[in-house]
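In: structural data only, the sequence is not supplied:
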């Protein structure tokens, strides 16, 4: 079991790293016992390899593969960022927050800016992805991997749409839910949404590596991805300003219970959402810089 | 005081159990592949170098030109020290040696003075 988990952990390493060191690591796992500590050690190694990949691993990729890798990683970061962002939106959507936002510019200003930036970033994601999706659809008959990736993405989006529709129907037809039932339904929906997001990120990466794309289209996708990265950083900054302003100007609202069963306070919920946003934005920045280095070397 | 002691001991411990130093010391004997390095390091220091840490350190050492990869035998690729690697290892070991001998001397003087 641990050996299987260790092999699964190997798959989390960046492509260049797997190409350069993967067979050796695989052979080492065959030779030595693989326990839980080995799995944790590999997971830690995979994180380090993503944040600071060694030049020997990066050299194992062509510039085109580096740009594909960066663009798909930015999409994955955006999906994780959206999870944090949606949490922030749900936390601060009530009328009490609107009233406080109207009363304090330090709350209303960042909140509005976050929404505008999120809309801009979503448009940039669509604009960057559309030419690549069209290229993938044109090449479907020729590439089996692209067909499977498209199937995975369509399945994930359909599942997300169905589960969201079911959640909306439940919320509008059943008048009273116990706190526990509501929390369980919301947690199930969030788990499905996260799984669908992860499936879309995997499908995008597999599809992008399978199809032929012109360099201009790849560079455009990376440029729009960089714009999305800048928006992520700005949104994270806006959320930080909002969190501080909320604590200073409206301490009672910040201390109110929030989240499933009210186990967290509003302030703590926003801090957790901000942590997800900050990590996603940082990883996207690192991968963006790496992508542009590859463009220059191409 | 206790925290400062802990940090100091941790930094000494980290230096002498640094995977890079252990790998360089292991390769000083001759080229070895991953599994042979882990076995040798365990014999030499009692420490288990797990795959993620081993290859993290090997990749950094290779990136910095302190070791080089030799042609792979099946999937097992041996590594050997470069000239720069030998020099870096010698420097590190001499520094550690100076720290160890000075520390031991001072301990003996301190014990003699009571």
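Out: Thanks, I have it. The structure displayed is predicted, hence computed values, not measured ones. Residues are numbered from 1 along each chain as shown, chains lettered A, B, ... in the order given.

In: from residue A:91, how far out is the closest residue to residue A:96 other than its chain neighbours?
Out: Spatial nearest neighbour of residue A:96, chain neighbours left out: residue A:253 (5.9 Å); criterion: Cβ to Cβ, 6 or more residues apart in numbering or on different chains. C-betas here are computed from N, CA, C, even on glycine. Distance, residue A:253 to residue A:91, by Cβ to Cβ, to the nearest Å: 11 Å.

In: got any residues that touch both of those two?
Out: The contact sets of residue A:253 and residue A:91 overlap at residue A:266 (Cβ atoms under 8 Å, 6 or more residues apart in numbering or on different chains).

In: report the contact partners of residue 73.
Out: Assuming you mean chain A. Contacts of residue A:73 (Cβ under 8 Å, 6+ apart): A:205, A:283-284, A:287.

In: could you do chain B instead?
Out: residue B:33.

In: phi, psi of it?
Out: Residue B:73 adopts backbone torsions of phi -100, psi 110, taken as degrees, to the nearest 10.

In: is it in a bridge, and if so with what?
Out: Beta-bridge partners of residue B:73, counted by DSSP bridges, are residue B:76.

In: how about the helices in chain B?
Out: Secondary structure of chain B (DSSP state H): helices at B:2-16, B:19-27, B:34-45, B:51-63, B:83-113.

In: in JSON lines: these, plus mean neighbour count and mean pLDDT.
Out: Converted to JSON lines, those look like this (neighbours: other Cβ atoms under 10 Å in any protein chain shown; pLDDT from 0 to 100):
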{"stretch": "helix B:2-16", "mean neighbour count": "10", "mean pLDDT": "55"}
{"stretch": "helix B:19-27", "mean neighbour count": "22", "mean pLDDT": "94"}
{"stretch": "helix B:34-45", "mean neighbour count": "18", "mean pLDDT": "94"}
{"stretch": "helix B:51-63", "mean neighbour count": "23", "mean pLDDT": "94"}
{"stretch": "helix B:83-113", "mean neighbour count": "12", "mean pLDDT": "89"}
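
In: including distance to residue A:166, could these go into CSV?
Out: Formatted as CSV, the helices of chain B follow (distance: least, Cβ to Cβ, whole Å):
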stretch, distance to residue A:166
helix B:2-16, 52
helix B:19-27, 50
helix B:34-45, 50
helix B:51-63, 41
helix B:83-113, 61
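
In: tell me which of those approaches chain A most closely.
Out: helix B:51-63 (2.8 Å; Cβ to the nearest Cβ).
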